[in-house]
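Visitor: sequence and predicted structure, then a few things I'm wondering about:
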Number of protein chains: 2
Amino acid sequence: MNICIIGLGYVGLPLAVELSQHYKVIGYDIDKDKISELKKGKDITGELDKHQISKLKNIKITDNILDSKTRIDFYIVTVPTPIDIDNKPNLEPLKSASRLIASKLKKGDIVVYESTVYPGVTEEECLPILESISSLKVNADFGIGYSPERINPADKTRKISQIVKVISASNKYYLNEVKNIYSRIIAAGLHEAPSIRVAEAAKVIENAQRDTNIAFMNEIAMIFDKLDINIYDVLDAASTKWNFLNFYPGLVGGHCISVDPYYLTHKSEEAGFIPDMLLTARRINEGMTDFIVEKTIKGLINNEVNVKQSKIAILGLTFKENCPDIRNSKSIEIYKKLKTYSSNLTLVDPYIDSLDGIKVYSELPETQFDAILILVSHNDFYNLSLTSIKEKYFKPGSFIIDIKNFLKTNRVLIN
Amino acid sequence: MNICIIGLGYVGLPLAVELSQHYKVIGYDIDKDKISELKKGKDITGELDKHQISKLKNIKITDNILDSKTRIDFYIVTVPTPIDIDNKPNLEPLKSASRLIASKLKKGDIVVYESTVYPGVTEEECLPILESISSLKVNADFGIGYSPERINPADKTRKISQIVKVISASNKYYLNEVKNIYSRIIAAGLHEAPSIRVAEAAKVIENAQRDTNIAFMNEIAMIFDKLDINIYDVLDAASTKWNFLNFYPGLVGGHCISVDPYYLTHKSEEAGFIPDMLLTARRINEGMTDFIVEKTIKGLINNEVNVKQSKIAILGLTFKENCPDIRNSKSIEIYKKLKTYSSNLTLVDPYIDSLDGIKVYSELPETQFDAILILVSHNDFYNLSLTSIKEKYFKPGSFIIDIKNFLKTNRVLIN
């Protein structure tokens, strides 16, 4: 059994490494730079540990699988499923991967999709491409499946084999084949969904549920800000109830939680149902950047600082703590918005060298700021304390916006 | 120390019983019928077990505390905080309780409110009444506090002493007094909130968070209904992820989750912030009755049943399983809506004798129904299975609407 992984990112790469311990694995990506980095043993996602990186050499990494010497029996598609500028699903990477596979597909092969989609994409969008280009028929000639990825980027304790995996396929026979493959690498166990659509639906609501709960926290953070009540004191008290859910206010960016819900809202609206909860959650979470920008500018104005000349530091630019990924980072959105007010911004993030043509510092440079925004809780910032910040970086009137309660002061605005 | 509990309902009654083991307790209620039932040792809330009922005789139960012989040092207010027909907070019971207390208030007394409110009610609405009528000053003459009730009606395992209690007061001295009282009865421990407003805020978001999570589930239930995907299959699959939250679609009625969020939305709107998440959650949950009514009527029409003559059974009328409370029951709302379609409704609920002038059966009468709606999962219904229902109560075309997956078939519509 030769397995080909299409797309070597946060999802495909760890999967390829795990499978390569049991099968011959071909790793495909369209990004030639990524291919050449990986061939040199460099993992730009940061997901692989040293041990796993050493195993990269077992994988045949390539940007070309169409040559006749490369035999493939089992395909796993782990390409991105982004959204367009108008928040509509962009299925082009999935369709393009399907076209590639279809041109090589042979009898008995199996194609499993892992990318997050709305219910129906695998069977209504990908399958027709596979069938028409290959001139083969599903189930009669080949099988398809859907098994949602549940990778949690930057989570070092919960890796792929420790996360229960949902699997589904076009019929019982192919479901069994899919099960055989994944059961070799998933120690936590497999859950067989009764249909591909159910498996697709299960994944997309997982992230939408998280988006909703963070939106709830962001909304109450904004309400309590208006009422001059400390949100963190309230959360401390509420969390003493046995069934209170410990979510926190914050920025929702990246390529999962801030993107996936739009897949479901798209399909829902297509079916004539306007999903108010999901859309409201998205809107609230998208609006948090304005809330933080307003709080910053108001703070400067209240201190009678010349806003245009004000020195503002932004700590954390990636979409998530301890992760190099800047895709759809709300922190960068805040930087862009603040740039329209102040021409004196200092960016700090150990994961990034430069942004937008300006240098990004790996730690806060020793100077006095009017405002310091702590937006991403990288472990690298742990040496910063309220005392050290006040000592080194404050001048009269300086303040900190600490949306994540990183400094454990239970205050969003610290002065 | 003599303690007076104002309001002997789901909250006040168990509290009075617990406190009566350590203090002299006076139980006050304006409802003369309730007073006379309680004096006979009858608990209409069903919250007290036999052992607790036997202790009712230790409490001085009265509808009059103004006589000079009744000395009171510590008041706990556990009156309802309902909403008006337009979903605005109705603070009249709280204000009325405050007027009663104020007319008796003396130096050194403490008044603790437990009713769920929006942040500010205790200090901005209740305190001025206490001060103006008593001519005493807070802190100088008497203390106030807020300690939100966390009673979970019909929960037999998590009783008052096993639930951590948040406490707050007007100053440190009175906080210590409040702590002394509650620590005698709360084995789970106390959490001291830094202010009364924080304690008020903590309680109201607990129920709003639950409302939001159920609304999320109700919305996706409606989306997947449109897409013809089985919601329970999806939840089975999604719940295999470590951080998926196991909420379920359903009716949100009663006097807490369906009411409390409006207290917070009121205060928020007053402060100029429109709380979209909270309001959307409320609207989705309120809309579930229409969804169920539509599903029922469509089922009848698809089966070419004469809707006007159709025989529909509704199982469960209270707002919650195993609880006699019908306040703001969405099941009763469904009954009222279905009554405008069919003139042949059968109501079943072991907790209720009659409703709206018609008999309520304690179990399903043996006849064949066109539609059976299982809306509340009372333990008393556990002898019903899909097989037994199909045997005894089905005719060709009959169907069940099982919104709570009570029959464990993973289907909402069963035929």
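Guide: Perfect, I can see it now. Numbers count the residues shown, from 1 in each chain, chains lettered A, B, ... in the order given.
Visitor: A:Met277 touches A:Thr212, doesn't it?
Guide: Yes. Judged on Cβ atoms under 8 Å, A:Met277 makes contact with A:Thr212 at a distance of 6.3 Å. Every residue, glycine included, has its C-beta placed from N, CA and C.
Visitor: which parts of the stretch 151-300 of chain A are helices?
Guide: Assignment of helices within the stretch 151-300 of chain A using DSSP state H, counting those that start in this stretch yields the ranges A:172-183, A:196-226, A:231-238, A:260-270, A:276-302.
Visitor: tell me which of those helices is the most buried.
Guide: Highest mean neighbour count among the helices of the stretch 151-300 of chain A (mean count of other Cβ atoms under 10 Å in any protein chain shown): helix A:196-226, with a mean of 25.
Visitor: buried set for the lowest-mean-pLDDT helix or strand in chain A?
Guide: Every helix and strand of chain A was ranked by mean pLDDT, DSSP states H and E. The lowest is helix A:50-54, at a mean of 90. When neighbours are counted by 16 or more other Cβ atoms under 10 Å in any protein chain shown, the buried residues of helix A:50-54 are found to be A:Gln52.
Visitor: contacts for the helix or strand just after it?
Guide: Scanning forward in sequence from helix A:50-54 by DSSP states H and E, the next helix or strand is strand A:60-62. Applying Cβ atoms under 8 Å, 6 or more residues apart in numbering or on different chains, the external contacts of strand A:60-62 come out as A:8, A:24-29, A:35, A:38-39, A:70.
Visitor: give me the residue from the stretch 301-415 of chain A nearest chain B.
Guide: Closest contact between the stretch 301-415 of chain A and chain B, by Cβ to the nearest Cβ, is at A:Asn410 (8.9 Å).
Visitor: at the contact with chain B, which residues of the stretch 51-200 of chain A appear?
Guide: Contact residues (Cβ under 8 Å from any Cβ of the partner chain) of the stretch 51-200 of chain A with chain B: A:119-120, A:150, A:158, A:163-164, A:166, A:191, A:193-195, A:197-199.
Visitor: how many residues are close by A:Leu227?
Guide: A count of nearby residues for A:Leu227, using other Cβ atoms under 10 Å in any protein chain shown, gives 18.
Visitor: tell me how far it lies from B:Thr212.
Guide: As judged by Cβ to Cβ, to the nearest Å, A:Leu227 and B:Thr212 stand 19 Å apart.
Visitor: re earlier: and the residue of the stretch 301-415 of chain A closest to chain B, helix, strand or coil?
Guide: Here A:Asn410 is recorded as coil under DSSP: H, G, I helix; E, B strand; the rest coil.
Visitor: skipping adjacent residues, who's closest to it in space?
Guide: A:Tyr232 (3.8 Å; Cβ to Cβ, 6 or more residues apart in numbering or on different chains).
Visitor: what of A:Lys57?
Guide: A:Gly41 (7.3 Å).
Visitor: angles on the backbone of the one you found, please.
Guide: phi 80, psi 20 (degrees, to the nearest 10).
Visitor: for it, list the residues it contacts.
Guide: A:Gly41 is in contact with A:53-54, A:56-57, counting by Cβ under 8 Å, 6+ apart.
Visitor: what pLDDT is listed against it?
Guide: We note a pLDDT of 90 for A:Gly41 in this prediction.
Visitor: so how far is chain B from it?
Guide: For A:Gly41, the distance to chain B equals 31 Å [Cβ to the nearest Cβ, to the nearest Å].
Visitor: quick one: contacts of the least confident helix or strand of chain A?
Guide: Residues outside helix A:50-54 that contact it (Cβ under 8 Å, 6+ apart) are A:14, A:17, A:41, A:43.
Visitor: look at the first one and give its secondary structure.
Guide: Translated: A:Pro14. A:Pro14 ends up helix, using three-state DSSP.
Visitor: measure it to A:Val25 for me?
Guide: Counting by Cβ to Cβ - A:Pro14 and A:Val25 are separated by 12 Å.
Visitor: same deal with A:Gly299?
Guide: Taking Cβ to Cβ, one finds A:Gly299 at 53 Å from A:Val25.
Visitor: which residues touch A:Thr122?
Guide: Contacts of A:Thr122 by Cβ under 8 Å, 6+ apart are A:113, A:144, A:146, A:196, A:200.
Visitor: please verify my assumption that A:Trp379 contacts A:Glu321.
Guide: Trp isn't right for residue A:379; it's Asn. Yes. With contact defined as Cβ under 8 Å, A:Asn379 and A:Glu321 form a contacting pair (7.3 Å).
Visitor: of these two, give the one with the bigger neighbour count.
Guide: A:Glu321 (17 against 10).
Visitor: so that one makes contact with A:Tyr382?
Guide: No. At 10.7 Å, A:Glu321 does not count as touching A:Tyr382 under the criterion of Cβ under 8 Å.
Visitor: list of residues touching the helix or strand hosting A:Asp33?
Guide: Following DSSP H and E, one finds A:Asp33 within helix A:32-39. Residues outside helix A:32-39 that contact it (Cβ under 8 Å, 6+ apart) are A:8, A:13, A:27, A:29, A:43-44, A:56, A:61-63.
Visitor: just the buried residues of those residues.
Guide: Among the contacts of helix A:32-39, those classed as buried by 16+ other Cβ under 10 Å are A:8, A:13, A:27, A:29, A:43, A:56, A:61-62.
Visitor: and chain A, what are its domains?
Guide: A:2-196, A:228-414 (automatic domain parsing).
Visitor: pLDDT on the last one, on average?
Guide: In this model, domain A:228-414 carries a mean pLDDT of 95.
Visitor: report how many residues lie close to A:Gln309.
Guide: Here the number of neighbours of A:Gln309 (other Cβ under 10 Å) works out to 11.
Visitor: residue contacts, the closest residue to it other than its chain neighbours?
Guide: Leaving aside its sequence neighbours, A:Gln309 sits nearest to A:Asn344 (Cβ to Cβ, 6+ apart; 6.2 Å). By Cβ under 8 Å, 6+ apart, A:Asn344 lies in contact with A:309-312.
Visitor: which of the residues you listed tops the neighbour count?
Guide: A:Ile312 (26 neighbours).
Visitor: just to revisit the earlier point, so the residue of the stretch 301-415 of chain A closest to chain B makes contact with A:Asp233?
Guide: Yes. Look at A:Asn410 against A:Asp233 with Cβ under 8 Å: they come within range, at 5.8 Å.
Visitor: and A:Ile274, how far from chain B?
Guide: Distance, A:Ile274 to chain B, by Cβ to the nearest Cβ: 10 Å.
Visitor: let me know the secondary structure of A:Val25.
Guide: Under three-state DSSP, A:Val25 comes out as strand.
Visitor: coming back round to it: can the buried ones among the contacts of helix A:32-39 go into JSON lines with extra columns for distance to A:Pro80?
Guide: Output for those, formatted as JSON lines (distance: Cβ to Cβ, whole Å):
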{"residue": "A:Leu8", "distance to A:Pro80": "11"}
{"residue": "A:Leu13", "distance to A:Pro80": "13"}
{"residue": "A:Gly27", "distance to A:Pro80": "16"}
{"residue": "A:Asp29", "distance to A:Pro80": "11"}
{"residue": "A:Asp43", "distance to A:Pro80": "17"}
{"residue": "A:Leu56", "distance to A:Pro80": "21"}
{"residue": "A:Ile61", "distance to A:Pro80": "18"}
{"residue": "A:Thr62", "distance to A:Pro80": "19"}
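Visitor: farthest-separated two in these?
Guide: Greatest spacing in the buried ones among the contacts of helix A:32-39, by Cβ to Cβ: A:Asp43 and A:Thr62 (16.8 Å).
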